[in-house]
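Engineer: Structure for the following, please:
(4 chains)
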There are 2 protein chains.
Amino acid sequence: MLASGDRPYAQTIQALRDKGLRPTRQRIALGRLLFDGGNRHVTAEALHAEASKGGVKVSLATVYNTLHQFTDAGLLRQVVVDGGCTYFDTNLSDHHHFYHVDDARLEDIPGDGIEVQGLPQVPEGATLERVEVIVRVHGDRKAG
Amino acid sequence: MLASGDRPYAQTIQALRDKGLRPTRQRIALGRLLFDGGNRHVTAEALHAEASKGGVKVSLATVYNTLHQFTDAGLLRQVVVDGGCTYFDTNLSDHHHFYHVDDARLEDIPGDGIEVQGLPQVPEGATLERVEVIVRVHGDRKAG
DNA sequence: GTGATTGCAAATCTTTTGCACTAAA
DNA sequence: TTTAGTGCAAAAGATTTGCAATCAC
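Structural biologist: All right, here's what the predicted structure looks like:
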């Protein structure tokens, strides 16, 4: 984990350094938004809005850059469920997702009980990278 | 199926009419490209290129419109595997996909042997729409 | 200081849209 | 004719890039 409540910056800064990322004001702030608290699924747009709302001055371009740097550094995972916008997931463990079509929201499928049976061999010459299961659902949790 | 080799237009035209789509030159041509022959996965860009190469004059905007109309009519299915471009699949049966990351190519997983075990209940108030399994692979079939 | 990082605005890419023109019924 | 469909070019939305200004070391 990057940081927890009581040691505000120290852990975040260390985690960034460990990944070879210079701990700038922007990276620290975004890192804390992303990694303090539970697992999150964010878009660049949403994280930028959240940062702005929280008084963090950071440009959208930097949010994009930072999300990709974090992804390259192995701090985030990219999830594709919806053409037209990219989601970043702070949960790096092997897991799958519900995708709420109506509100374009991504949710971790709890537990790792999912198992895909009957997978054929990957095509010749190809190497398995990852199996993604996306359970598309509609209608909100607060019913509608 | 929309059309097969020997009755060039008749079946395509009929299929379009059945779906309430006026059988225009463009729709017929795109329909034949899509549905004559086996299952296909196309992007708007790629289908437009293919049409142009084949001497069919059709604008990219019309290709987009047509793909969506075909999808709404239940002749195509949309598949999301890659932000930044939309794939349309002519295979309407219940099936899943290999996604070749390196060449951004989609491939049907043959057979319907895949089964997802251990799916949790969908969140309260939500309704299951579809379970998508995407097997991401890299390295081409012709190895490399 | 020096090089990495940021911000801005412009560029890019995919997709959609408005509207005059064309074609199907 | 009458209405749906098409093409073009412009608009829109997400993301990226170039470059001067700024910050971490």
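Engineer: show me what contacts A:Ile13?
Structural biologist: A:23, A:28 (Cβ atoms under 8 Å, 6 or more residues apart in numbering or on different chains). All C-beta atoms are positioned from the backbone trio N, CA, C, and that covers glycine.
Engineer: tell me what the lowest-mean-pLDDT helix or strand in chain A is packed against?
Structural biologist: Every helix and strand in chain A was compared by mean pLDDT, DSSP states H and E; the lowest is strand A:115-117, with a mean of 89. Using 3 or more Cβ pairs under 8 Å, 6 or more residues apart in numbering or on different chains; DSSP states H and E, the elements in contact with strand A:115-117 are strand B:115-117.
Engineer: For A:Ile114, see how far away the nearest residue to A:Leu92 once chain neighbours are set aside is.
Structural biologist: Leaving aside its sequence neighbours, A:Leu92 sits nearest to A:Arg77 (Cβ to Cβ, 6 or more residues apart in numbering or on different chains; 5.7 Å). Per Cβ to Cβ, to the nearest Å, A:Arg77 is found 16 Å from A:Ile114.
Engineer: do A:Ile28 as well
Structural biologist: A:Ile28 is 35 Å from A:Ile114, by Cβ to Cβ.
Engineer: Same check on A:Leu47?
Structural biologist: Counting by Cβ to Cβ - A:Leu47 and A:Ile114 are separated by 27 Å.
Engineer: Have a look at those two and say which one is more surrounded.
Structural biologist: A:Leu47 (22 against 18; other Cβ atoms under 10 Å in any protein chain shown).
Engineer: Distance from the chain centre to the helix or strand hosting that one, please.
Structural biologist: A:Leu47 is located in helix A:44-53, with elements delineated by DSSP states H and E. Computed by Cα atoms, centre = their mean, to the nearest Å, the chain-centroid distance of helix A:44-53 equals 14 Å.
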